[in-house]
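Engineer: pasting the structure only:
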């Protein structure tokens, strides 16, 4: 389906993320197959409602995939939905979501993992999407390092699935990247030992070094290395020299993988612009938006536009919006606005980085 020059961003498909995807250039869209996570239950800022039932929570997800990603391929994972959730009458959320995605004509591939319960695995295997398009296996680095992985893999795939019709995603999440050369050597060794590596339809490594919260940003403007990208480049070159299959690259865009328990209606989040640059993020931070409102984004946008690493107004829809906010032709927006702005630019930047990277 795709090779190592492809990009697999993991997105939670909230308003900022799916708007960012819908505003991508066609060139970037062609290089991207998103790993879409059905978001956790909670407040929906688009509908301004607290979704109290699983039916209400899942109601708009398939349509939002169809509307904003149309019929392009995607991976879909229900990792954030509690194992005990069922729709009336006793319908598994996986069954419901993929039936609805099929009805909308979405090209969605179900994702599973060794730790999912029996009911989840059964629902994945029985869905029409799996029968048409196979499935993806999402593996942690700890699971990949185990010598028993081959047996676990065969049990997970079952008799109806072969690696040639399935996708392997090695998910590092947010590891400790230091020292980077040693971690790259370890990861390359783990990848080299993966069973049936050449047989999988696609193979991807994803991870991130994005901070878990903006409280870690101490100054108004910081440059934070994109260690997952630095790691990938080291590993890819090592594997290429050894003649080992190269993975596609994936990350968590401008998100941290783990959900931190919070209600955004009760918190006082800081105004931030998260802007991907070469090998790093430029993060410009203001004061909390509850007390100091969104007008401060004019100044933050001017800081980004005035930075030597700003890529201009034509590079991405997100960059165009930042420039417009700086000069007053765009509004100062809200939290969802700045999530789509940062995500959109990040996706464009990483897609271009991959397309121009030399694996020699």
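Structural biologist: Structure received. Treat the numbers as computed from the prediction; the structure is a model and nothing was measured.
Engineer: Residue 9 and residue 26: what is the separation?
Structural biologist: 17 Å (C-beta to C-beta, to the nearest Å). Backbone N, C-alpha and C define where each C-beta goes, glycine included.
Engineer: my bad, residue 311
Structural biologist: Counting by C-beta to C-beta - residue 311 and residue 26 are separated by 18 Å.
Engineer: So which of these two has more stuff around it?
Structural biologist: residue 311 (17 against 6; other C-beta atoms under 10 Å).
Engineer: State the helix or strand in which the more buried one lies.
Structural biologist: Here residue 311, judged by DSSP states H and E, is contained in no helix and no strand.
Engineer: tally of neighbours for residue 308?
Structural biologist: 6.
Engineer: Distance-wise, check the closest residue to residue 141 other than its chain neighbours relative to residue 356.
Structural biologist: Of all residues not flanking residue 141 in the chain, residue 172 sits nearest, at 5.4 Å (C-beta to C-beta, 6 or more residues apart in numbering). The gap separating residue 172 from residue 356 is 23 Å, by C-beta to C-beta.
Engineer: ok, back up a step: can you name the residues that contact the residue nearest to residue 141?
Structural biologist: 140-141, 187, 205-207, 228 (C-beta atoms under 8 Å, 6 or more residues apart in numbering).
Engineer: now do 7 Å
Structural biologist: Residue 172 makes contacts with 141, 205-207, as judged by C-beta atoms under 7 Å, 6 or more residues apart in numbering.
Engineer: Inside helices: which ones of those residues?
Structural biologist: Secondary structure from DSSP state H places residue 141 of these in helices.
Engineer: Looking at the contacts of residue 172, which is nearest residue 253?
Structural biologist: Nearest to residue 253 among those: residue 206, at 10.5 Å, using C-beta to C-beta.
Engineer: Distance check, the residue nearest to that closest one when sequence neighbours are not counted against residue 152.
Structural biologist: Excluding its sequence neighbours, the residue lying closest to residue 206 (C-beta to C-beta, 6+ apart) is residue 250, at 3.1 Å. Applying C-beta to C-beta, the value for residue 250 to residue 152 is 22 Å.
Engineer: So for the two, which sits in the more crowded spot?
Structural biologist: Between residue 250 and residue 152, counting by other C-beta under 10 Å, residue 250 is the more crowded of the two (28 against 14).
Engineer: which residues does the more buried one contact?
Structural biologist: Contacts of residue 250 by C-beta under 7 Å, 6+ apart are 7-10, 35, 204-206.
Engineer: how about residue 73, what does it touch?
Structural biologist: 1, 33, 107, 109.
Engineer: Let me know the secondary structure of the closest residue to residue 104 other than its chain neighbours.
Structural biologist: Leaving aside its sequence neighbours, residue 104 sits nearest to residue 66 (C-beta to C-beta, 6+ apart; 3.8 Å). Secondary structure, DSSP: H, G, I helix; E, B strand; the rest coil: residue 66 is helix.
Engineer: burial of residue 41, as a residue count?
Structural biologist: 18.
Engineer: For the closest residue to it other than its chain neighbours, identify the helix or strand it belongs to.
Structural biologist: Using C-beta to C-beta, 6+ apart and skipping the chain neighbours, the partner closest in space to residue 41 is residue 57 (4.7 Å). For residue 57, the host element (DSSP H and E) is helix 54-58.
Engineer: Check residue 29 too.
Structural biologist: Per DSSP H and E: helix 26-30 holds residue 29.
Engineer: hmm, back to that, grab the two from the contacts of residue 172 that are most spread out in space.
Structural biologist: 141 and 206 (10.8 Å).
Engineer: Pick out whichever of the two has more residues nearby.
Structural biologist: residue 206 (24 against 18).
Engineer: pLDDT wise, what is that one at?
Structural biologist: Note on residue 206: pLDDT of 98.
Engineer: starting at the chain centroid, how far to the longest helix that the chain contains?
Structural biologist: For the chain, the helix that runs over the most residues, judged by DSSP H, is helix 335-356. Centre-to-centre, helix 335-356 and its host chain are 11 Å apart (C-alpha atoms, centre = their mean, to the nearest Å).
Engineer: So which other helices or strands are in contact with that helix?
Structural biologist: Counting contacts by 3 or more C-beta pairs under 7 Å, 6 or more residues apart in numbering; DSSP states H and E, helix 335-356 packs against helix 15-22, helix 26-30, strand 270-277, helix 317-327.
Engineer: which element follows the helix holding residue 29 toward the C-terminus?
Structural biologist: With DSSP H and E, the next secondary element past helix 26-30 is strand 35-37.
Engineer: Name the next helix or strand downstream of the helix or strand containing residue 95, please.
Structural biologist: In this assignment (DSSP H and E), residue 95 forms part of helix 93-103. Next along the chain after helix 93-103, taking DSSP H and E as the criterion, comes strand 107-112.
Engineer: which other residues reach the helix or strand following that following strand?
Structural biologist: Downstream of strand 107-112, the first helix or strand assigned by DSSP H and E is helix 118-126. In this structure, residues lying in contact with helix 118-126 by C-beta under 7 Å, 6+ apart are 83, 92, 94-95, 110, 112, 130, 135, 158, 160.
Engineer: could you flag which of those are buried?
Structural biologist: Taking 16 or more other C-beta atoms under 10 Å as the criterion, what is buried in the contacts of helix 118-126 is 92, 94-95, 110, 112, 130, 135.
Engineer: who's in contact with stretch 83-103?
Structural biologist: 38, 54-55, 58, 61-62, 65, 76, 78, 81, 108, 110, 117, 119-120, 123-124, 127-129.
Engineer: Let's see the ChimeraX selection covering just the buried ones among those.
Structural biologist: To isolate the buried members of these in ChimeraX, using 16+ other C-beta under 10 Å:
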select :38,54,58,61,62,65,76,78,81,108,110,120,123,124,127,129
